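**Student:** Build me a model:
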Amino acid sequence: MAVNRVLPFVVLIALLSACRQPEEQVLSARHDVCAALGNATYSAFEPGPDYDVGEIVESGRRVEVLIGGHPGFPTATLVKGYAAIDGFKVIANSRDGDLDVLLFALATGSPRGPTYVRLSSRDVKGDWGPIKNGFLVSCHSKK
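**Tutor:** This is a model prediction of the structure:
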């Protein structure tokens, strides 16, 4: 009889844990950037004076990550970052030789301007896989 009372709770807990959102990992506490990495791993490198650097590795593919306010794109592209108010958005996508580059932005309302995240890789060959809008989030917005 007690098993009949406990079983619905066990099933509910199993369903809730199966529907749980993937855990986000902090890429930059200084710039408030987290990412849903799935099976990928992230390694942070020595930070610069106003930017953070790291690397995402997923299925043998390496993606360099640069987080900060000066990602090396033309001003016309960077201005698009001010419109990214509903989360990080891809504002530029380029391919130069064998180097693929994605630029994400989030307008934070800061006097410094938007937060930019530049991802670059020679391994993705145009297929970024799970890296798209929604991949990056503000760490504080999830609390």
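
**Student:** phi, psi of His140?
**Tutor:** Dihedral angles of His140 (phi, psi; degrees, to the nearest 10) stand at phi -80, psi -20.

**Student:** Skipping its backbone neighbours, what lies nearest it in space?
**Tutor:** Asp32 (5.7 Å; CB to CB, 6 or more residues apart in numbering). Every residue, glycine included, has its C-beta placed from N, CA and C.

**Student:** The one you found and Glu58: what is the separation?
**Tutor:** Asp32 is 23 Å from Glu58, where distance means CB to CB, to the nearest Å.

**Student:** that older thread, model confidence score at the residue nearest to His140, please.
**Tutor:** We have a pLDDT of 94 for Asp32.

**Student:** thought it was touching Val117?
**Tutor:** No: the criterion here is CB atoms under 8 Å, and Asp32 misses it with Val117 at 11.0 Å.

**Student:** Please identify which of the two sits among more neighbours.
**Tutor:** Neighbour count, other CB atoms under 10 Å: between Asp32 and Val117, Val117 has more, with 24 against 18.

**Student:** which SS state does Ala81 fall under?
**Tutor:** No Ala there; residue 81 is Gly. helix (DSSP: H, G, I helix; E, B strand; the rest coil).
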